[in-house]
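K.L.:
Here is a sequence with its predicted model. Questions after.
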Amino acid sequence: MSSIEQRLTVALERIERLEEAEVARNHLHAYAETLDDPTPEAVADLFTEDGVLVVPSGTFEGRAGITEFYRSRLSPEDGEKRHFLVNLRTRHLEPGLVEVASYFIYTGREDTRSALGWGTYLDRIRVVDGAARFERKQIVPHVHTDLVAGWPRS
């Protein structure tokens, strides 16, 4: 292989990694958007069939387990929420697999209070033919409060 062919091969591999990272980043946007008007099934559809969700209360495997987790956490009484993702860092793990670490913030309006919270996500996202799905999602909440209680240190 000539020097030019080697350089072209390396450049094409870099482009593929960058494209996969961008598809993974966009998938987190789809997740936040889905959580703004969620159904448990719609959230679970963002995972691979054998996807894993890790939260402080446990580990949920497969779309059925993930659907049940979100069914237990989402209700019409939750009011209107908006989710925001910030400080995304991507790392290409292997062809078709990207890790994305990020911070999340959410706000919420309920009938009698306003909610606010934040934490971190650590995601492994599988990219196949330009489509992304969570292979593994870890959610670590740091704060969940309302504006009356605030978020004092103690």
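P.N.:
Everything's here; your move.

K.L.:
ok, the residue sitting nearest the centre point of the chain to Tyr103 distance?
P.N.:
Nearest to the mean C-alpha position of the chain, by Cα atoms, centre = their mean, lies Leu28 at 4.6 Å. Leu28 sits 11 Å away from Tyr103, going by Cβ to Cβ, to the nearest Å. Bear in mind the C-beta positions are built from the backbone N, C-alpha and C, glycine included.

K.L.:
anything in contact with each of these two?
P.N.:
85, 121 (Cβ atoms under 8 Å, 6 or more residues apart in numbering).

K.L.:
low-scoring pLDDT stretches of this protein, where are they?
P.N.:
76-78 (pLDDT under 70).

K.L.:
biggest helix in it, by residue count?
P.N.:
Among the segments of the chain that qualify as a helix by DSSP state H, the longest is helix 3-36.

K.L.:
ok, and for stretch 31-44, which residues are buried?
P.N.:
Going by neighbour count (16 or more other Cβ atoms under 10 Å), the buried part of stretch 31-44 is 31-32, 34-35, 38, 40, 43-44.

K.L.:
can you put these in a markdown table and add distance to Val148?
P.N.:
Formatted as a markdown table, the buried residues of stretch 31-44 follow (distance: Cβ to Cβ, whole Å):
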| residue | distance to Val148 |
| --- | --- |
| Tyr31 | 29 |
| Ala32 | 26 |
| Thr34 | 29 |
| Leu35 | 24 |
| Pro38 | 25 |
| Pro40 | 29 |
| Val43 | 29 |
| Ala44 | 33 |
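
K.L.:
one step back: which helices and strands does the longest helix of the chain pack with?
P.N.:
helix 40-44, strand 80-94, strand 97-109, strand 114-128, strand 131-146 (3 or more Cβ pairs under 8 Å, 6 or more residues apart in numbering; DSSP states H and E).

K.L.:
So for that helix, what gets flagged as buried?
P.N.:
Here helix 3-36 shows 17, 20-21, 23-25, 27-28, 31-32, 34-35 as buried, counting by 16+ other Cβ under 10 Å.
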